[in-house]
Structures are given as structure tokens and as C-alpha cells.
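[1] coordinates only, no sequence provided:
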């Protein structure tokens, strides 16, 4: 069972993002405030949970959380700001969208650039330590996966409905065959043999 909080008697929001390593699509973050009494033994790092259980957990987290929200940064913002800063932007947008203002933030990873005066701790591999960060990772991943499946219908041939935009062999074969889509990140190295693709 993951830890329910870092410090008792305060509203802590866990925050995590997904999609940093993808070749296309937005980077998506979630922020979640859980009740300190809430416990679910299945909540864990979203990457360790099978898809069907992730989806069930996402519904449960949404119904039990004191507050939850999604934030994202677009492909254009990723290309303009770089992926790290775009990830911070997505996290800050998720925090902004919470119905409740948290007293403290638990950020997955080792760095954060806050847009608020809310205190925070960065926690390396926090999605395997704190329930609120793990819950955020589940919401962010299920949201982004569903988005990429929908987008795959508009841009077939890249396998996004299976690879969610990550650099799999099938995805890169699609780029070789079709060229980059408007949703591919221009600032990323889309093919190993190319440093730049003209878009």
C-alpha cells in the first residue's frame, strides 16, 4: 500500500505527467487530492497496472478524490518551450484547475518550476511511493491514452491506438512511409537516422 501523505493534517495534491517520451501529441498532467483516510491497495505507478485495471481505478479515483484535474501542453508549446518546461506547464495547469487549493504539492520527479506560491516536494519515483502521485499518474495516462486512440482515427498509419505515440518500430515505420503528421513534435528526433525532418 502506498503512503497516504507526506505530512498529516494538510491537503496534499499529487501531480504527475505522461507523454514526455512520445514523438507526438500533447504532454498531459494530472493533479489529485485524496482524503488521508482513502486507501486502495491497487493504486500504484500507472506503468505497472494493466489497462483494464487502470481504467477501473481512474473511475474510482475520480469518484473518491477530494479534487482532481487534468492539464496539458500542446505540441506547439512543447516545440517552443522544450519538453521539460512544457511538462511543468501541464502540471501547473492541472494544479490551477483543481476545485480545492492544496496546502502542499507532491511532484513526481526531481525538478519543478511552480507557477504558484504553494509549497512543494519533488519525489523521485513518487508514483510508487505516494498514493496521490500514483492516482495522478493513472488519471493522466488514461486520459492521454484515450486521446491518442481518438487521434489515431484522424491520422491512421502510425499505430497510435497501440503505441500511444511512443517511438515503437511500427510508429517509426509509419513516419518513414507517410512522413510526419501535424501532431508530431518538430523538436524531437523522429527517426534515428535523421537529426531533422523538414515539416
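    Right, received. Where do you want to start? If you're wondering where the values come from, they're calculated on a predicted model, not measured in any experiment.
[2] mind listing the helices for the protein?
    51-64, 75-81, 83-96, 131-154, 160-163, 169-178 (DSSP state H).
[3] want to try a markdown table for those helices, with mean pLDDT as columns?
    Converted to a markdown table, these look like this (pLDDT from 0 to 100):
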| stretch | mean pLDDT |
| --- | --- |
| helix 51-64 | 97 |
| helix 75-81 | 98 |
| helix 83-96 | 98 |
| helix 131-154 | 98 |
| helix 160-163 | 98 |
| helix 169-178 | 96 |
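[4] just put the ones you listed in a markdown table and tack on distance to residue 107 and mean neighbour count.
    Glycine gets a C-beta too; all of them are placed from N, C-alpha and C. Below are the helices of the chain laid out as a markdown table (distance: least, C-beta to C-beta, whole Å; neighbours: other C-beta atoms under 10 Å):
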| stretch | distance to residue 107 | mean neighbour count |
| --- | --- | --- |
| helix 51-64 | 18 | 15 |
| helix 75-81 | 18 | 17 |
| helix 83-96 | 7 | 22 |
| helix 131-154 | 8 | 23 |
| helix 160-163 | 27 | 19 |
| helix 169-178 | 29 | 15 |
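[5] now these in JSON lines, with distance to residue 26?
    Formatted as JSON lines, those follow (distance: least, C-beta to C-beta, whole Å):
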{"stretch": "helix 51-64", "distance to residue 26": "18"}
{"stretch": "helix 75-81", "distance to residue 26": "6"}
{"stretch": "helix 83-96", "distance to residue 26": "7"}
{"stretch": "helix 131-154", "distance to residue 26": "7"}
{"stretch": "helix 160-163", "distance to residue 26": "13"}
{"stretch": "helix 169-178", "distance to residue 26": "16"}
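[6] partners of the residue lying closest to residue 26 once chain neighbours are set aside in the sheet?
    Spatial nearest neighbour of residue 26, excluding adjacent residues (C-beta to C-beta, 6 or more residues apart in numbering): residue 72 at 4.4 Å. Counting by DSSP bridges, residue 72 forms beta bridges with residue 28.
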